[in-house]
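Engineer: Structural data only, the sequence is not supplied:
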C-alpha cells in the first residue's frame with residue numbers, strides 16, 4: 001500500500017507531538033518519543049536479524065528540526081542528537097495508523113528489560 005503524502009506537517013513543541021495532515025481531512029498527532037524509539041535508522045533497528053536496540057530514557061525527547069528528504073520522507077532531528085533515520089511517508093502513515101499497538105509494544109519491551117522511559121541523567125541544552 002502506498003500511503004498518502006501529508007499536505008501539512010506541524011510540530012507542537014509544548015506537547016512534543018508531530019502532526020500530519022492529509023488532503024482527505026485525516027490528521028494524526030505522533031508523540032516525538034514514539035518517533036524516536038521507532039526511528040528507522042540502523043542505530044535503532046540494527047543491521048538485520050534481531051539486532052534492534054531498545055531505546056530507553058526518551059520520555060522528554062523533542063525535535064530540533066525537520067527537513068524534507070526528496071518527495072518521499074522527512075529527516076527528523078531529535079534534541080538528543082539522533083538524526084540518522086529517514087521517515088518515509090509510508091512509515092509515518094503506518095506509525096500513525098497503528099500507534100497504539102506500537103506504543104504498547106514499546107512499553108512491554110521496556111518492562112521486560114527492566115528499563116524506563118525516564119531519562120537517567122540530568123538533561124541540559126547548550127545555549
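Structural biologist: Done, it's in. Since we're looking at a predicted model, the values are computed, not measured.
Engineer: who's in contact with the closest residue to residue 41 other than its chain neighbours?
Structural biologist: In space, and not counting its chain neighbours, residue 41 is closest to residue 85: 3.5 Å by C-beta to C-beta, 6 or more residues apart in numbering. Where you see a C-beta, it was placed from the backbone N, CA and C, and this is true even at glycine. Applying C-beta atoms under 8 Å, 6 or more residues apart in numbering, we find residue 85 in contact with 39-41, 43-44, 75-76.
Engineer: any idea which residue sits dead centre in this protein?
Structural biologist: residue 35 (0.8 Å; C-alpha atoms, centre = their mean).
Engineer: List of residues touching stretch 14-29?
Structural biologist: So stretch 14-29 is contacted by 4-12, 30-33, 35, 60-63, 66, 76, 92-93, 96-97, 99 (C-beta under 8 Å, 6+ apart).
Engineer: taking those residues one by one, which sit in strands?
Structural biologist: The strands, defined by DSSP state E, take in 8-12, 30-31, 63, 66, 76 from these.
Engineer: what does the longest helix along the chain contact?
Structural biologist: As assigned by DSSP state H, the longest helix anywhere in the chain is helix 99-113. With contacts defined as C-beta under 8 Å, 6+ apart, helix 99-113 is touched by 28, 30-31, 34, 37-38, 54, 56, 95, 116-117.
Engineer: Let's have these in JSON lines, adding distance to residue 109.
Structural biologist: Below are the contacts of helix 99-113 laid out as JSON lines (distance: C-beta to C-beta, whole Å):
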{"residue": "28", "distance to residue 109": "23"}
{"residue": "30", "distance to residue 109": "18"}
{"residue": "31", "distance to residue 109": "16"}
{"residue": "34", "distance to residue 109": "13"}
{"residue": "37", "distance to residue 109": "9"}
{"residue": "38", "distance to residue 109": "11"}
{"residue": "54", "distance to residue 109": "6"}
{"residue": "56", "distance to residue 109": "10"}
{"residue": "95", "distance to residue 109": "16"}
{"residue": "116", "distance to residue 109": "12"}
{"residue": "117", "distance to residue 109": "11"}
